[in-house]
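# Build me a structure from this.
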Amino acid sequence: MGALIAWFTGSRLALAAGKWAAIAFTTTLFLLSLRRSGERVGRLAERIENTEKVNEIQRQMLEAASRRAHDRDELAKRLRDGEF
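Model (predicted):
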């Protein structure tokens, strides 16, 4: 039995099978790595999109605050002129 195992491990068939197994294993690891990288990029893109939405809303709020009436007299004047 030991001689059979020694003969098989040294044969060309075993070497070819080992090469193909190594290639298949390496390819599988590469594809899994690509998938993980793609998922990470997708999460980052979603985070950037959400940040842009938040920044746009904050900019609109700041613009609205800059146009507000600063005291009661100005508020009363705007209400009389119908600017609201």
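# distance of the spatially most central residue of the chain from D81?
Closest residue to the average C-alpha location of the chain: R43 at 2.4 Å, with C-alpha atoms, centre = their mean. Distance of R43 to D81, given as C-beta to C-beta, to the nearest Å: 50 Å. C-beta: built from backbone N, CA, C; applies to glycine.
# C-terminal to the lengthiest helix in the chain, what's the next element?
Counting by DSSP state H, the longest helix found in the chain is helix 12-66. Next in sequence after helix 12-66, counting helices and strands by DSSP states H and E, comes helix 72-81.
# Off-centre distance for that following helix?
49 Å (C-alpha atoms, centre = their mean, to the nearest Å).
# can you give me the mean pLDDT across that helix?
On average, the pLDDT along helix 72-81 is 89.
# before we move on, what about stretch 13-21?
pLDDT averaged over stretch 13-21 gives 87.
# start the count at 6, not 1, going forward
OK, 6 is where the count begins now, so the last one is stretch 18-26.
# Would you mark the buried spots in it?
In terms of neighbour count (16 or more other C-beta atoms under 10 Å), stretch 18-26 has no buried residues at all.
# Run the chain-centre distance for it.
38 Å.
# before we move on, back to that, who are the neighbours in contact with the residue nearest to the centre of the chain?
Going by C-beta atoms under 8 Å, 6 or more residues apart in numbering, R48 touches no other residue.
# pLDDT score for E54?
The model's pLDDT for E54 equals 97.
# any idea how far R83 is from it?
37 Å.
# So for those two, which residue has more residues nearby?
R83 (13 against 10; other C-beta atoms under 10 Å).
# From what I see, the more buried one and A74 are in contact.
Yes - under the criterion of C-beta atoms under 8 Å, R83 makes contact with A74 at 5.7 Å.
# Next one: E68 from R48, what distance?
31 Å.
# make that L80, sorry
In terms of C-beta to C-beta, L80 sits 46 Å off from R48.
# again, but for N55
11 Å.
# Equivalent analysis for R73, please.
Counting by C-beta to C-beta - R73 and R48 are separated by 38 Å.
# What of L34?
21 Å.
# same thing with S71?
With distances taken as C-beta to C-beta, S71 is found 35 Å from R48.
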